[in-house]
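Trainee: quick one: sequence plus predicted model below, questions after.
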Amino acid sequence: MESKLDRCAILIADDDADDRFLIRKALEENGVKNQIQFLADGQELVDHLNEHLKSTPSGKSRDLPCLILLDLNMPRMDGHTALKIVKGDDQLKEIPIVILSNSKNPRDVSTSYQEGANSFFPKPLDYKDLVGLMDLLKTYWFQNAQLPYEES
């Protein structure tokens, strides 16, 4: 039987086209069948989530994304700002957000967790390591973690 986790979308906010291509390929290589939607920056992510909330009639359950992968260094709106906005919204704050960034700055790591990130991973430099990381995320978030909007 298909669960809600099999049907929900994964949102990925990353401005680098090569990274988006490799992340999609790594997720597919791990058998992730969820809809994957890419957004070019934090502003697109926030706008997308707000439009989703507006388009759902009040009182109806919302099919929110089950996971957001968020880069930090992006134009228009960076990942830190988008993270604060999403985690500050009562209707969105339960969505798990995993930071996937080229930054290895300890301040970025600390700040991300303070702002509500659920995990922080540096982007692997090697594709094989990226495939491994996507497997880890799939196993953790879709097979082991109990999520607040999961069907019983």
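Mentor: Cool, got the structure.
Trainee: how about the contacts made by the residue lying closest to Leu64 once chain neighbours are set aside?
Mentor: The shortest distance from Leu64 to any non-neighbouring residue, by Cβ to Cβ, 6 or more residues apart in numbering, is to Ile95 (5.7 Å). In this view, the C-beta of every residue, glycine as well, is placed from N, C-alpha and C. Contact criterion Cβ atoms under 8 Å, 6 or more residues apart in numbering gives Leu64, Pro65, Cys66, Leu67, Ile68, Val86 as the residues in contact with Ile95.
Trainee: and these, which is the shakiest by pLDDT?
Mentor: Scanning the contacts of Ile95 for pLDDT, the smallest score is found at Leu64, 84.
Trainee: Three-state assignment for Val86, please.
Mentor: Applying DSSP: H, G, I helix; E, B strand; the rest coil to Val86 yields a three-state assignment of helix.
Trainee: give me the pLDDT value at the residue nearest to it when sequence neighbours are not counted.
Mentor: By the measure of Cβ to Cβ, 6+ apart, the closest residue to Val86 outside its immediate chain neighbours is Leu92, 4.9 Å from it. Reading off the per-residue confidence, Leu92 sits at a pLDDT of 93.
Trainee: would you check how far apart Leu92 and Leu11 are?
Mentor: When Cβ to Cβ, to the nearest Å is the yardstick, Leu92 and Leu11 sit 11 Å from each other.
Trainee: same question, Asn118
Mentor: Applying Cβ to Cβ to Asn118 and Leu11 gives a distance of 14 Å.
Trainee: the more surrounded of the two?
Mentor: Set side by side, Asn118 and Leu11 give different neighbour counts by other Cβ atoms under 10 Å, the larger being at Leu11 (25 against 17).
Trainee: tell me the one among the contacts of Ile95 nearest to Ala17.
Mentor: Sorting the contacts of Ile95 by distance to Ala17 puts Ile68 at the head of the list, at 18.8 Å, by Cβ to Cβ.
Trainee: hmm, who's touching the host helix or strand of the closest one?
Mentor: For Ile68, the element it lies in under DSSP states H and E is strand 67-70. If you take Cβ under 8 Å, 6+ apart as the criterion, strand 67-70 is touched by 8, 10-14, 23, 42, 45, 79, 82-83, 86, 95-100, 117, 137, 141.
Trainee: residue boundaries of the helices in the protein?
Mentor: With DSSP state H, the ranges of helices along the chain come out as 4-7, 17-29, 42-55, 79-87, 106-114, 127-137.
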